[in-house]
Every structure is written in structure tokens, then in C-alpha cells.
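Chemist: starting from these lines, generate the structure:
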Amino acid sequence: MPKINGNEIRPGYIIEHDGGLWAAVKVNHVKPGKGGAFAQVELKNLRDGRKLNERFRSEDKVEQVRLDTKDQQFLYESDGKLIFMDNITFEQTELDADLLGDRRPFLQDGMVATMEYYGDEALSVRLPQKVICRIVETEPVVKGQTAANSFKPAILDNGVRIMIPPFIGAGEDIVVNTELFEYSERA
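Modeler: Below is the predicted model:
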């Protein structure tokens, strides 16, 4: 695996640090008035979800890890485990449902998601960026409420609350961005 300097760490990089695999969530480059520059990095453990703030100087060497990715189809959830299937080999993989966190409601039956592997160990799953959801409940349209940035609250069929434009009503399908939890467009 390639070694990189501590100041080359970018958000999204996976590094091996303190005997674990960590994803760089936020990186802030600091140049104090006295002393050398460093990168203040917020790391998230890929195995147990712990967070860590660490300083890396330019002379520090860290190992960057490349994860293998495979597209797999979501089958079902059982006892807090998500079951996915490889569409080519038909092998099934289990992942903790906690790994998805807030994005769990957007996982739909039959959805194809991208699994990330370190060797043979499944570490995480990435959902498609855009998912189609149905609006179950929202406020009725108020005549004259056409201001450019006016939004109203809505509840989706998966129970998630988001803000939508005023011209969309209950029963309509919309496209939701799963990373930002925002309305994207009509379906």
C-alpha cells in the first residue's frame, strides 16, 4: 500500500492508523505563526464508527488504503443485519444495519448499492445518490406562496421528514438526494 505524507490527506481518503482503518471526514490545514504546518484531520473508524481528531505533520508518513468495490443487491434485513447479494456470484454478504446510520430508511428492497471491501471483509455500503420516494403527508398548497425559496415540510413513505417546494402535494413521487437529505426533483 502506498505511503503518503500527512499533509496529503484529503476528505474521503482511507488510511491505516493505530492498527485500524480510518476514513478522513474533515481535513483542515493549519499554519501556526510559530512551528511547522500540520493537517488537523477528523477520522472515523470504518469498523466500529468511533471518531478521532489527529494532527499530521508533513513529515509524518501514513498508509493510504484502497478499498475494493462491488455492486450488490439488497435482499432483506434480519436481526439488525442487512443481507446483500452479489448478482454475478450470488454470494450473500451481511452488514450491520447501524453502518448506514441516518440513511437506513432510503435502502429499498432490490436496490443495488456499492459495497466496499478490505480484502474479504465488507466494511461499508454506499447507497445511490438519488432515490425515488413517495410523499405521504404534507401541507396543502397556499395560494400566493410562490416566493423563490419557500419550502414546506413533508413526510416520505419511509418516515423521513424533508423540505419540499410548495407546488408538490401528497401522493407524488420525488427524487431525494440521500447524501444531503434534500428534495432534488420530481420523479
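Chemist: can you list the domains in this structure?
Modeler: Domains of the chain are assigned by automatic domain parsing as 3-65, 68-126, 130-186.
Chemist: just send those back as a markdown table, with mean pLDDT and mean neighbour count too.
Modeler: For glycine as for every other residue, the C-beta is placed from the backbone atoms N, C-alpha and C. Output for these, formatted as a markdown table (pLDDT from 0 to 100; neighbours: other Cβ atoms under 10 Å):
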| stretch | mean pLDDT | mean neighbour count |
| --- | --- | --- |
| domain 3-65 | 88 | 14 |
| domain 68-126 | 88 | 14 |
| domain 130-186 | 86 | 14 |
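Chemist: distance check, Val25 against Thr69.
Modeler: According to Cβ to Cβ, to the nearest Å, Val25 stands 19 Å off from Thr69.
Chemist: and the next helix or strand past the strand or helix carrying Leu123?
Modeler: Element membership for Leu123 (DSSP states H and E) is strand 121-126. As assigned by DSSP H and E, the chain's next helix or strand after strand 121-126 is strand 130-138.
Chemist: which strands or helices does the helix or strand following that next one pack on?
Modeler: Once the chain leaves strand 130-138, the next helix or strand it forms, by DSSP H and E, is strand 152-156. Secondary-structure packing of strand 152-156 (3 or more Cβ pairs under 8 Å, 6 or more residues apart in numbering; DSSP states H and E): strand 130-138, strand 161-164.
Chemist: for those, give me a markdown table that also has distance to Arg47.
Modeler: A markdown table is the format used below for the helices and strands packed on strand 152-156 (distance: least, Cβ to Cβ, whole Å):
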| stretch | distance to Arg47 |
| --- | --- |
| strand 130-138 | 26 |
| strand 161-164 | 31 |
